[in-house]
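**Student:** with the input below, show me the fold.
(one chain, ligands or ions: 4)
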Amino acid sequence: MDYTNQIREIASKLFAEDKIDVFIGYRMTGFDENQVPALIRDPKEVSKLVFTDKSVFNLTNYLKQDHTRNKRIGLVVKGCDSRALNLLLTECQVKRENLHIVGIPCKGVVDENGNKMQNCIECIYPNPVVFDEMIDGTLTGLEEPPYQVNADIQNIAAMNLVERRAYFEEVFESCIRCNACRHSCPMCYCAKCCIDQETSTLYHGANTTSSAFHALMTWSLHLAGRCVDCRNCEKACPSHLPLHLLHKWNERVIYENFQEHLAGVHEGDRGAFYKYSMKDPDDFIM
Ligand code: SF4
Ligand code: SF4
Ligand code: SF4
Ligand code: SF4
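**Tutor:** Residues are numbered from 1 along each chain as shown. Ligands and ions are numbered 1, 2, ... in the order given. Next up, the predicted model:
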């Protein structure tokens, strides 16, 4: 998967036609084979853009920043990124008319060791669900397999409540409460976050195992029905914690109890909790 030339051509054209102020894509780090997000403002710098299977980050996270808000943005999205964008649009965090969305029919990205990422192996929406133009001008229609629950989540589902809590406490014991996961998540954009150590009225600021665990649990519940499995949060975690276990567990619970809801797939779908009914089952709550 190498769309570098196509991305550069599209970005150049958008600048030449004065349709954008900023193009958000990927560039090489400059010191190894990995990539970082690139915010290109000068058309002369379009040649820095690349796109390969190392273009791992979800760029929609940059739409919530002050330096892109209210600008005309060109943006590259893979399938999972586009679901986050759909949610940001639905939750009125970005203006559709300010965006030019370049969609990638995504064949998967790789980790630092060159292995295909687990979310890509399990991906059910590799094709973008919202875009203005697709790479090569065509939607190649990659296969979209049915939703499946993997072995890790089946294992969690087999636990009772006490076992599940003990399991999650052990897995996330080394959380240092740095909040890198929250800052890296496109769906976490609150100006004042309830788990912020300095301002929280819910959790004390100390970095105890207990406060970190409860903050993480709260964070994951704020993403329940909104997580698109892009793994931006995991890539940012300095403790290399498997945050997807929390999110995929919540995703499975939401899918099975809220009319097979999956985040960001349909434009305007406001999410599982807007489908609340007094008849909803409640025996799944952690
Ligand atoms: S989860 Fe799907 S859309 Fe996202 S990077 Fe992996 S294969 Fe691409
Ligand atoms: S919680 Fe993590 S995987 Fe889910 S949308 Fe946010 S960054 Fe992506
Ligand atoms: S954790 Fe909750 S309150 Fe904090 S930014 Fe995310 S959604 Fe907002
Ligand atoms: S990034 Fe990792 S260590 Fe930091 S708060 Fe999130 S889970 Fe904890």
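
**Student:** return the residues of the chain in contact with ligand 4.
**Tutor:** 175-181, 216, 236-239, 241, 243 (C-beta under 6 Å from any ligand atom). (C-beta placed from N, C-alpha, C; glycine too.)

**Student:** selecting buried members of those in PyMOL, what would you type?
**Tutor:** To isolate the buried ones among the residues of the chain next to ligand 4 in PyMOL, judged by 16 or more other C-beta atoms under 10 Å, type:
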select buried, resi 175+177+179+180+181+216+236+237+241+243
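
**Student:** K71 and N98 touch, don't they?
**Tutor:** Yes. Counting by C-beta atoms under 8 Å, N98 is a contact partner of K71 at 6.9 Å.

**Student:** hmm, back to that, narrow the residues of the chain next to ligand 4 to those in strands?
**Tutor:** Among the residues of the chain next to ligand 4, no residue falls in strands (DSSP state E).

**Student:** ends of stretch 254-269, how far apart?
**Tutor:** End-to-end span of stretch 254-269 (C-alpha to C-alpha, to the nearest Å): 14 Å.

**Student:** that stretch and ligand 2 in contact?
**Tutor:** No. Using C-beta under 6 Å from any ligand atom, we find that stretch 254-269 stays clear of ligand 2, coming within 7.5 Å at best.

**Student:** all helices for this structure, in order.
**Tutor:** Applying DSSP state H to the chain gives helices spanning 4-16, 79-90, 118-121, 151-157, 161-171, 180-184, 209-222, 232-236, 244-257.

**Student:** just put the ones you listed in JSON lines and tack on mean pLDDT and distance to ligand 1.
**Tutor:** Shown next, in JSON lines, are those (pLDDT from 0 to 100; distance: least, C-beta to the nearest ligand atom, whole Å):
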{"stretch": "helix 4-16", "mean pLDDT": "97", "distance to ligand 1": "15"}
{"stretch": "helix 79-90", "mean pLDDT": "94", "distance to ligand 1": "3"}
{"stretch": "helix 118-121", "mean pLDDT": "94", "distance to ligand 1": "3"}
{"stretch": "helix 151-157", "mean pLDDT": "94", "distance to ligand 1": "16"}
{"stretch": "helix 161-171", "mean pLDDT": "93", "distance to ligand 1": "22"}
{"stretch": "helix 180-184", "mean pLDDT": "93", "distance to ligand 1": "15"}
{"stretch": "helix 209-222", "mean pLDDT": "85", "distance to ligand 1": "19"}
{"stretch": "helix 232-236", "mean pLDDT": "95", "distance to ligand 1": "10"}
{"stretch": "helix 244-257", "mean pLDDT": "91", "distance to ligand 1": "11"}
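
**Student:** cool, thanks, talk later.
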